[in-house]
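Participant: sequence first, predicted model second:
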There are 2 protein chains.
Amino acid sequence: MKEVEQLLESKQIRITAMRLLIYKFLAEKEVAVTLSDIENAFAKADRTTLYRTVKTFEDKGIVHQIDDGTGITKYALCEKGCNCEIETDLHLHFHCNNCNETVCLTEHKIPQIKVPNGFVSENVNLVVKGICDKCSA
Amino acid sequence: MKEVEQLLESKQIRITAMRLLIYKFLAEKEVAVTLSDIENAFAKADRTTLYRTVKTFEDKGIVHQIDDGTGITKYALCEKGCNCEIETDLHLHFHCNNCNETVCLTEHKIPQIKVPNGFVSENVNLVVKGICDKCSA
DNA sequence: AAATTAAGTGCAATGGAAGTGCATTTTTAG
DNA sequence: CTAAAAATGCACTTCCATTGCACTTAATTT
Ligand SMILES: [Mn+2]
Ligand SMILES: [Mn+2]
Ligand SMILES: [Zn+2]
Ligand SMILES: [Zn+2]
């Protein structure tokens, strides 16, 4: 647990019980989660608090948002040294049409995309949909 | 106008005044439009009608939805012979962070994306964000 | 330690957009 | 012309993101 507290402090995030719990929850999940997922895991806490906690994490660069096309924002912890606040998020995301879960494929970087003359690419969002490893087994 | 009516008929879409107008509106726009854009252009028509008209167009394969990450669904006419109802939509979309408009880059196909073993890719959504040609000039 | 200030949390409410049920109008078919 | 089918309009619902404000907890200052 000490490591988590150190991480939060290093990112200028004050430590509270709620924040430690939410961080732990995100760390245990191997998939991206919605606000409702968090809400269900912490029935006592108010949705607003969870929302703002995740937003704080995002602002401080330890969580990134994922728009997987379902219309519901998902969140996942950043990898160590991910820097997605500064550079653009480079890895791709996979959404399973069967189990409806979304995962970060952090090892799979988004290839360079060519755009027509006059266009300037600053950022790319790439979501692959299909069947995940668990569902295809 | 005759061509439009023929196109609609060939796709089993009944011709109504509203549908012709909306088709014309989409055809004139060189960018993807939101439902609100259409709503503003046809103040008299009810939002539901516009919604269902566009949905009909989509079901019949003459319009495709675009999720550009703004959280608001956008629509654009399909190219001739686009077949995005059958195969997956292959071209990429560009969203301008300056003018906030989204365009189809129909000439730019989405490259083959590698996914890890066990994952099956069925569909890819690729949105590039940056500065469009008009805004960068 | 007490007082002051700032930050975090909870409750209530708002707003935007997508979507649906049903009554009414318009089109099509017999 | 009449009956059936499709399209349209209105009202309403749902879902999620987001905010204002009051209250509680933690951090600073005196
Ligand atoms: Mn990710
Ligand atoms: Mn397109
Ligand atoms: Zn799955
Ligand atoms: Zn632009």
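Facilitator: Arrived safely, thanks for sending. Residues are numbered from 1 along each chain as shown, chains lettered A, B, ... in the order given. Ligands and ions are numbered 1, 2, ... in the order given.
Participant: residue ranges for the strands of chain A, please.
Facilitator: For chain A, the strands defined by DSSP state E occupy A:33-34, A:63-66, A:74-77, A:91-96, A:102-109, A:120-131.
Participant: which elements pack onto the fifth one?
Facilitator: Packed against strand A:102-109, as judged by 3 or more Cβ pairs under 8 Å, 6 or more residues apart in numbering or on different chains; DSSP states H and E, are the following elements: strand A:91-96. Every C-beta, even on glycine, is put in place using the N, C-alpha and C of the backbone.
Participant: returning to that earlier point: and B:F25, which of the strands of chain A is closest to it?
Facilitator: Closest to B:F25 of the strands of chain A is strand A:120-131 (Cβ to Cβ; 27.6 Å).
Participant: buried sites along the closest one?
Facilitator: Judged by neighbour count using 16 or more other Cβ atoms under 10 Å in any protein chain shown, the buried positions of strand A:120-131 are A:V120, A:N123, A:V124, A:N125, A:L126, A:V127, A:V128, A:K129, A:G130, A:I131.
Participant: repeat that for stretch A:6-24.
Facilitator: In stretch A:6-24, the ones that count as buried by 16+ other Cβ under 10 Å are A:L8, A:I13, A:M18, A:R19, A:I22, A:Y23.
Participant: if we can go back for a sec, export the strands of chain A as TSV, with columns for distance to ligand 1 and mean pLDDT.
Facilitator: Formatted as TSV, these follow (distance: least, Cβ to the ion, whole Å; pLDDT from 0 to 100):
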stretch	distance to ligand 1	mean pLDDT
strand A:33-34	12	97
strand A:63-66	6	95
strand A:74-77	5	97
strand A:91-96	5	95
strand A:102-109	3	93
strand A:120-131	10	94
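Participant: quick one: the ones you listed as a markdown table, columns for distance to B:G69 too.
Facilitator: Formatted as a markdown table, the strands of chain A follow (distance: least, Cβ to Cβ, whole Å):
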| stretch | distance to B:G69 |
| --- | --- |
| strand A:33-34 | 16 |
| strand A:63-66 | 10 |
| strand A:74-77 | 13 |
| strand A:91-96 | 12 |
| strand A:102-109 | 14 |
| strand A:120-131 | 6 |
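Participant: DNA strand D: which of the ones you listed is closest?
Facilitator: Proximity to DNA strand D (Cβ to the nearest atom of the strand) singles out strand A:33-34 among the strands of chain A, at 6.4 Å.
Participant: and for the helix or strand bottoming out on mean pLDDT in chain A, what are the contacting residues?
Facilitator: Lowest by mean pLDDT, DSSP states H and E among the helices and strands of chain A is helix A:2-10, with a mean of 90. Residues outside helix A:2-10 that contact it (Cβ atoms under 8 Å, 6 or more residues apart in numbering or on different chains) are A:R14, A:I15, A:R19, A:L20, A:Y23, A:K24, A:A27, A:I62.
Participant: contacting residues for the last one?
Facilitator: The one in question is A:I62. A:I62 makes contact with A:L7, A:L8, A:K11, A:I13, A:Y23, A:L77, A:C78 under the criterion Cβ under 8 Å, 6+ apart.
Participant: ok, these vs A:E107, which is closest?
Facilitator: Proximity of the contacts of A:I62 to A:E107 (Cβ to Cβ) peaks at A:C78, which lies at 14.2 Å.
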